[in-house]
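have a look at this prediction, sequence included:
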Amino acid sequence: MADGHTHFRASIAVDVILASGLIWMGKNGAPVEVFNGVVVGATIGTLVTPDFDLVGTTYTEALLRNIPILGVLIQITWYPYALLSKHRGLSHIHILGTLSRLLYMLFAMMIWTWIINGALLSVGIDSVYHVAARIAQYCINNPTFTLSMLLAWTLHDEAHLLLDGKRKKGKIAWAQVFPRASFPKKLIKIGT
Ligand SMILES: [Zn+2]
């Protein structure tokens, strides 16, 4: 079981492999969408790790905390994700884990847009979903970009799971995926 620092170094190694691939593809005339997709996917894959399911501060979250304000906001943003997913549960399932973080990021963007545009600037409800919707629309309209991004991101996550010594195929125990399903019940109990 690797620690955060080891995972981060492995991610940098994956980035070096991806960068080498990009240089090779550049020489062979790959479209610019591939470059953009790989760069975006590799950046997210390096910073947003499957260990964001940990309630405490992860290695990359500690690194991101060096960015004033934004670092703290990123950690606050991922806190509910950590509450909902048991460590090494949903977040650590092949492909599904990556997908869960993709959807969560879009959802988080909606919330932040609502807070900034709707609640703070009173811009109105129409603008609430714009950022997430525009990103989603861009991804749908640019499948080459999207596929490249997802491949680079997935490669990072798979390297992480490999280092974690992930469970074998067909061994997903769903009770282990959402063990914090009791979380709302606990809240109700406290409330009553
Ligand atoms: Zn892990």
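Cool, the structure landed. Everything numeric in this text was worked out from a predicted model, so none of it was measured.

who are the contact partners of T146?
G37, C139, I140 (Cβ atoms under 8 Å, 6 or more residues apart in numbering). Using the backbone N, CA and C atoms, a C-beta is placed for each residue, glycine as well.

interface residues of this protein facing the ion?
Residues of the chain lying close to the ion (Cβ under 5 Å from the ion) are P50, D51, D164.

take those and keep only those in helices.
D164 (DSSP state H).

buried among the residues of the chain next to the ion? Make that a ChimeraX selection.
Buried residues among the residues of the chain next to the ion (16 or more other Cβ atoms under 10 Å), as a ChimeraX selection:
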select :50,51
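
can you list the residues of the chain next to the ion in CSV and add pLDDT and distance to S100?
Formatted as CSV, the residues of the chain next to the ion follow (pLDDT from 0 to 100; distance: Cβ to Cβ, whole Å):
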residue, pLDDT, distance to S100
P50, 94, 9
D51, 93, 13
D164, 90, 16
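
between the residues of the chain next to the ion, which is nearest A13?
D164 (15.7 Å; Cβ to Cβ).

about what we covered before: among the contacts of T146, name the ones in helices.
Short answer: these in helices (DSSP H) are G37, C139, I140.

how many other residues sit next to W24?
Using other Cβ atoms under 10 Å, W24 is surrounded by 10 other residues.

and the longest helix for the chain?
helix 4-27.

show me what counts as buried in that helix.
Those would be G4, H7, F8, A10, S11, V14, D15, L18, L22, for helix 4-27 by 16+ other Cβ under 10 Å.

can you tell me which of the contacts of T146 has the most neighbours?
When neighbours are counted by other Cβ under 10 Å, G37 leads the contacts of T146 with 24 neighbours.

need the contact list for that residue.
T144, F145, T146, L147, S148, M149, L150, L151, A152.

for L102, give me its contacts.
Taking Cβ under 8 Å, 6+ apart as the test, what L102 contacts is L150, W153.

that one and I95, how far apart?
11 Å (Cβ to Cβ, to the nearest Å).

make CSV out of the ones in helices among the contacts of T146 and add pLDDT.
Formatted as CSV, the ones in helices among the contacts of T146 follow (pLDDT from 0 to 100):
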residue, pLDDT
G37, 96
C139, 93
I140, 94
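
tell me the one of the contacts of T146 nearest P80?
C139 (23.2 Å).

which residues touch the closest one?
By Cβ under 8 Å, 6+ apart, the neighbours of C139 are F145, T146, M149.

before we move on, what about W78?
So W78 contacts V48, F52, E61, A108 (Cβ under 8 Å, 6+ apart).

ok, now with 10 Å
V48, F52, D53, L54, V55, T58, E61, L64, R101, Y104, M105, A108 (Cβ atoms under 10 Å, 6 or more residues apart in numbering).

separation between it and L64?
Taking Cβ to Cβ, one finds W78 at 10 Å from L64.
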